[in-house]
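Asker: what's the 3D shape of this:
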Amino acid sequence: MPDIILSSSTTAFFVLERVRPGRGLPKSPGWYTRALLINGCQIVLTLLGNKGWNRVFVGEPSVLHLSALNAPLLEGFAGWLVGTHRDATDFTPACGFPRQNERRLARMLVFQDAYNAT
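Answerer: Okay, here's the model as predicted:
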């Protein structure tokens, strides 16, 4: 099921970006092929990671017994946190948008260009 959701959302955002792009993008030969390849790799890694995660943390013997919680969202969050967390070594006050445009979250959420907004 997660693979269907991942594939569907990827396709939906590909189509949305073509129908209503957030900003003009340069022509890049082979971009769609590379994007599809990367998303395919992501699906394969998700499946392999799921098998490894379940074997170590969910199956018997288990370190955390997450399956006993019967909370798939919590289990997914725990996997995401373990897989992506990295302690920051430096403080970064802004993410790099010009004129502090990273604060324009509302524009981003309605697919408007927040990067070049004035």
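
Asker: what sits against Thr118?
Answerer: Arg99 (Cβ atoms under 8 Å, 6 or more residues apart in numbering). All C-beta atoms are positioned from the backbone trio N, CA, C, and that covers glycine.

Asker: Let me know the pLDDT of it.
Answerer: At Thr118, the model reports a pLDDT of 77.

Asker: how near is Trp80 to Ile38?
Answerer: 19 Å (Cβ to Cβ, to the nearest Å).

Asker: If you rank every helix and strand of the chain by mean pLDDT, what lands last?
Answerer: helix 72-84 (a mean of 79; mean pLDDT, DSSP states H and E).

Asker: name the helices or strands packed onto that helix?
Answerer: helix 31-53 (3 or more Cβ pairs under 8 Å, 6 or more residues apart in numbering; DSSP states H and E).
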